[in-house]
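coordinates only, sequence not included:
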Ligand SMILES: [Zn+2]
């Protein structure tokens, strides 16, 4: 397990250090509060101290089908949830906690920033980080509720995320089950040309 430099691991100081790390990664107060044990006022205060402005209001990103919208989305979710899975498994019994979440997201950011051939979608966002940390938190929720799981592609053996309730043809591999349209956009195999 990669350890964050936070000692001791109990008490308010630890929770504040976790909250700070999350805010720096772009997390919004409701997400930070569901990961750390801090109050609403404290969360807002820490947010303002870091970003020098009030947090934006409104809905958090929420799309239960985000991983199906594009195979590129799916690849990003697969990298992130794969890390969540592996880091959780490093502890016995398997544990998911704030440290696992932060470490997995930081590693995900480092991995995707190295992309030598970003797609259009990826080129449109800073450092090719297509998966916002607030959306990453939503994916963790789907994973914890067993709505989402990891599958291994029989052809290329890549590990990729699937929605467990979707019929098999829609649990596609984001590497094999795609084709490129005229504009170069990668489309799922289930999407026929002309659609
Ligand atoms: Zn494959």
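Noted; the coordinates are in hand. Everything numeric here is computed off the predicted structure, so don't read it as measured data.

Now name the helix or strand holding the spatially most central residue of the chain.
With distances taken as CA atoms, centre = their mean, residue 136 lies nearest the centre of the chain, 2.9 Å away. Under the criterion of DSSP states H and E, residue 136 resides in helix 133-144.

moving C-terminal of that helix, what's the next helix or strand?
Where DSSP H and E defines the elements, the next helix or strand beyond helix 133-144 is strand 148-152.

so, in contact with the ion or not, the next helix or strand after that following strand?
Where DSSP H and E defines the elements, the next helix or strand beyond strand 148-152 is strand 159-163. No: judged by CB under 5 Å from the ion, strand 159-163 makes no contact with the ion; its nearest approach is 7.3 Å. From N, CA and C alone the C-beta is placed, and that goes for glycine too.

Neighbouring strands of strand 159-163 in the sheet, and parallel or not?
Next to strand 159-163 in the sheet, as set by DSSP bridges, lie strand 148-152 (antiparallel).

residues making contact with the strand it pairs with?
The contact list for strand 148-152, computed with CB atoms under 8 Å, 6 or more residues apart in numbering, reads 67, 78, 81-82, 85, 139, 142-143, 158-164, 171.

Residue 191: neighbour count?
12 (other CB atoms under 10 Å).

Find me the pLDDT at residue 57, would you?
We have a pLDDT of 89 for residue 57.

still on that earlier bit, tell me the buried residues within the contacts of strand 148-152.
Those of the contacts of strand 148-152 that meet the buried threshold are 67, 78, 81-82, 85, 139, 142-143, 160-163, 171, by 16 or more other CB atoms under 10 Å.

Wondering if the top helix by length along the chain reaches the ion at all.
Counting residues, the longest helix found in the chain (DSSP state H) is helix 71-89. No: for helix 71-89 and the ion, the contact criterion (CB under 5 Å from the ion) is not met; the two come no nearer than 10.4 Å.

Including pLDDT, could the buried ones among the contacts of strand 148-152 go into JSON lines?
As requested, these are exported to JSON lines (pLDDT from 0 to 100):
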{"residue": "67", "pLDDT": "97"}
{"residue": "78", "pLDDT": "98"}
{"residue": "81", "pLDDT": "98"}
{"residue": "82", "pLDDT": "97"}
{"residue": "85", "pLDDT": "95"}
{"residue": "139", "pLDDT": "97"}
{"residue": "142", "pLDDT": "97"}
{"residue": "143", "pLDDT": "96"}
{"residue": "160", "pLDDT": "98"}
{"residue": "161", "pLDDT": "98"}
{"residue": "162", "pLDDT": "98"}
{"residue": "163", "pLDDT": "97"}
{"residue": "171", "pLDDT": "95"}
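
Could you export those as CSV, including distance to residue 183?
Converted to CSV, the buried ones among the contacts of strand 148-152 look like this (distance: CB to CB, whole Å):
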residue, distance to residue 183
67, 22
78, 24
81, 29
82, 29
85, 34
139, 27
142, 30
143, 32
160, 24
161, 25
162, 26
163, 26
171, 26
